[in-house]
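Engineer: heads up, no residue letters with this:
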């Protein structure tokens, strides 16, 4: 386990892209697997480019995690435009549907200052070895040291128990238009004696 730096950006993008190839939300954005393979990486590239410099990115052999600092989780309009231009040339008809879903999800993002787990993923061939827990640990320690709550949106119900074991609780569900459900999860700030 080590901090991810700008020099690791390609590895982080490749890890996350591989981890999310069968993800329900990425499959909703890109129903055609060929498009998911070709264009899906742009989403992770945007996050890596924006979040690695915040200093809360970690990698391990086969997985990566990107966190956002309080009040620095939102993509800029420029980021959104770059992502749309890079990702939607073959699925432009779906762009309004996907944009509506993502904007409605963003509207549910908590306003209270918190650490945001933007994306975490482990390559399929490395799953089941505790890497998800290892990747969560540094961000959760950072949150606990600063008594910050943490927030995430799980795009896969199979991952909810992992997050619950680390103190997150489901606070709501978000149904993407004509698409999958996402689970909104919140972890309260650690108190003086811990969680």
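Structural biologist: Right, received. Where do you want to start? Please read these numbers as outputs of a predicted model, since none were measured by experiment. Residues are numbered from 1 along each chain as shown.
Engineer: Mind jotting down where the strands sit in the protein?
Structural biologist: 2-3, 57-60, 63-68, 115-122, 150-154, 169-175, 181-187 (DSSP state E).
Engineer: Beta-bridge partners for the residue most central in space within the chain, please?
Structural biologist: The chain has residue 119 as the residue nearest its centroid, 2.0 Å off, counting by CA atoms, centre = their mean. With DSSP bridges applied, residue 119 shows beta-bridge pairing to residue 66.
Engineer: most packed of the strands of the chain?
Structural biologist: Among the strands of the chain, strand 63-68 has the highest mean neighbour count (mean count of other CB atoms under 10 Å), at a mean of 26. Every residue, glycine included, has its C-beta placed from N, CA and C.
Engineer: Dump the strands of the chain to TSV, plus distance to residue 133 and mean pLDDT.
Structural biologist: Shown next, in TSV, are these (distance: least, CB to CB, whole Å; pLDDT from 0 to 100):
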stretch	distance to residue 133	mean pLDDT
strand 2-3	16	94
strand 57-60	11	96
strand 63-68	10	96
strand 115-122	10	95
strand 150-154	14	94
strand 169-175	17	91
strand 181-187	14	94
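Engineer: hmm, back to that, if I pick the residue nearest to the centre of the chain, what's in contact with it?
Structural biologist: Residue 119 is in contact with 16, 44, 47, 64-66, counting by CB atoms under 8 Å, 6 or more residues apart in numbering.
Engineer: These: which two are farthest apart?
Structural biologist: For the contacts of residue 119, the maximum inter-member distance is 11.8 Å, found between 44 and 65 (CB to CB).
Engineer: can you give me the offset of stretch 49-58 from its chain's centre?
Structural biologist: 12 Å (CA atoms, centre = their mean, to the nearest Å).
Engineer: Show me which residues of it are buried.
Structural biologist: Of the residues in stretch 49-58, 50-52, 56-58 count as buried by neighbour count, 16 or more other CB atoms under 10 Å.
Engineer: same deal with stretch 25-42?
Structural biologist: For stretch 25-42, a neighbour-count test (16+ other CB under 10 Å) marks 25-30, 35-36, 39-42 as buried.
Engineer: gap between the two ends of that stretch?
Structural biologist: For stretch 25-42, the first-to-last residue distance is 15 Å (CA to CA, to the nearest Å).
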